[in-house]
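Enquirer: Return a 3D structure for these sequence lines:
(one chain, ligands or ions: 1)
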Amino acid sequence: MPAEGSSRTTVLAIGGNALLRGGGSGHATIAEQFEAARHLAGPVAGLVRTGARVVVTHGNGPQVGFIKRRSDLVAEIAPELPHLDLDMCVADSQGSIGYILASGLSAALPPPARPVALLTHTVVDAADPAFTHPTKPIGTHYPRAEAERLAARHGWTVGEDAGRGWRRLVPSPAPRRIEEQAAIAALLAAGHVVIAGGGGGIPVVAAPDGSLRGVEAVVDKDATSALLATALGADELIITTSVDRIALGWGTPHQRPLDLLDAAEARRHLAAGQFPEGSMGPKVRAALDYLAAGGDSVLITSPAALGDALAGRTGTRIVRTPAPAKAADQRNAAAAET
Ligand SMILES: NC(=O)OP(=O)(O)O
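Expert: Residues are numbered from 1 along each chain as shown. Modelled structure (predicted):
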């Protein structure tokens, strides 16, 4: 529970993959996912103990693809069952992942803080060009030939996913508004750890009468996390990913981890192609969106390193204002040696 009068707010984004690591194949058992959630809960509880109000957002890239695939396969043997469009699949994933994360957090949070998983709708623009240009990888990674066979059979768009295999690609429009923003703020003020914006939010478009209609898309959870952090006036956005720190020259003999950089440097490296699409690119772009909207600081690190990163021992911090050159050089040089 935040200290009385505290208004420090942190938005912490967790990738859908983070719960699935237990299974080497990326298909962890449910028990392994609950175990992973218990591991994630420790650093979140640590944040809460510092008095922070914490919103946990999460990805669903693998899970939403599994749910969609299940629905498509069931259609072949039980065609009477309702088909699930992507908005339904995202809603399903928010329920199941929210359940798993809340379970892990419940055990770790200092009383009387309690987690609340909130179904969250993300309003997108019906005219977003992303609807005709699918880029968001979901579900299982396949060898190229298998992905192309499935694409031909089911009418999927498929593409290579950052060197990790081929996956189904779906539209990923930019998030414009979080429908439950005020409810999230109220839950935070009441002392809850709020799990929200899961899977980037249930993708909806708004009709002129204000009603919401689900659409066939999966919104990028880092983009939604940045928008939510901005909307809540959060003091910090933390984006967790598969590495402890981001790096220049990733995968080359000249790879250099980054400890501290400012928004202008990050923008320059992004434009130079240092942060690939489908991998670090969307995370750095989300960080820059948040900083451009007035946020002060973004921390990028892995879930396992989160505790150390919060203590300043690892992680990459991107700050809005120019980092003092000497301090940044010293910290990046030290990072390169580790
Ligand atoms: N929705 C989303 O961006 O999920 P991942 O981060 O798991 O891909």
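
Enquirer: any idea where the strands of the stretch 1-150 of the chain begin and end?
Expert: Applying DSSP state E, counting those that start in this stretch to the stretch 1-150 of the chain gives strands spanning 9-14, 53-58, 115-117, 121-124, 136-142.

Enquirer: wait, does the last one contact the ligand?
Expert: No: in this structure, strand 136-142 remains apart from the ligand according to C-beta under 6 Å from any ligand atom; the gap is never smaller than 6.8 Å. In this view, the C-beta of every residue, glycine as well, is placed from N, C-alpha and C.

Enquirer: what does the chain put close to the ligand?
Expert: So the chain meets the ligand at 15, 16, 17, 59, 60, 61, 199, 200, 218, 220, 221 (C-beta under 6 Å from any ligand atom).

Enquirer: so who does the third one touch?
Expert: Neighbour list for residue 17: 26, 59, 61, 62, 242 [criterion: C-beta atoms under 8 Å, 6 or more residues apart in numbering].

Enquirer: if I look at it, how far off is residue 149?
Expert: Relative to residue 149, residue 17 is positioned 25 Å away (C-beta to C-beta, to the nearest Å).

Enquirer: do the same with the fourth one
Expert: If you measure residue 59 against residue 149 using C-beta to C-beta, the figure is 27 Å.

Enquirer: Between those two, which has more neighbouring residues?
Expert: residue 59 (28 against 13; other C-beta atoms under 10 Å).

Enquirer: Distance-wise, check the more buried one relative to residue 195.
Expert: 12 Å.

Enquirer: Could you do residue 143 as well?
Expert: Taking C-beta to C-beta, one finds residue 143 at 34 Å from residue 195.

Enquirer: cool, and residue 176?
Expert: Where residue 195 is concerned, residue 176 sits at a distance of 22 Å (C-beta to C-beta).

Enquirer: out of the two, which sits in the more crowded spot?
Expert: A direct count of neighbours by other C-beta under 10 Å for residue 176 and residue 195 places residue 195 higher, at 29 against 14.

Enquirer: Now the more buried one: closest residue in space, sequence neighbours ignored.
Expert: residue 117 (4.1 Å; C-beta to C-beta, 6 or more residues apart in numbering).

Enquirer: now the helices: where do they sit in the stretch 151-300 of the chain?
Expert: 181-189, 221-232, 263-271, 280-292 (DSSP state H, counting those that start in this stretch).

Enquirer: Output the below-cut-off pLDDT ranges for this structure.
Expert: Flagging of the chain using pLDDT under 70 yields the residue ranges 1-6, 22-26, 323-338.

Enquirer: Can you get me a residue count around residue 48?
Expert: Neighbours of residue 48 using other C-beta under 10 Å come to 22.

Enquirer: hang on, isn't it packed against residue 109?
Expert: Yes: under the criterion of C-beta atoms under 8 Å, residue 48 makes contact with residue 109 at 5.9 Å.

Enquirer: Overlap of the contact sets of the two?
Expert: residue 193.
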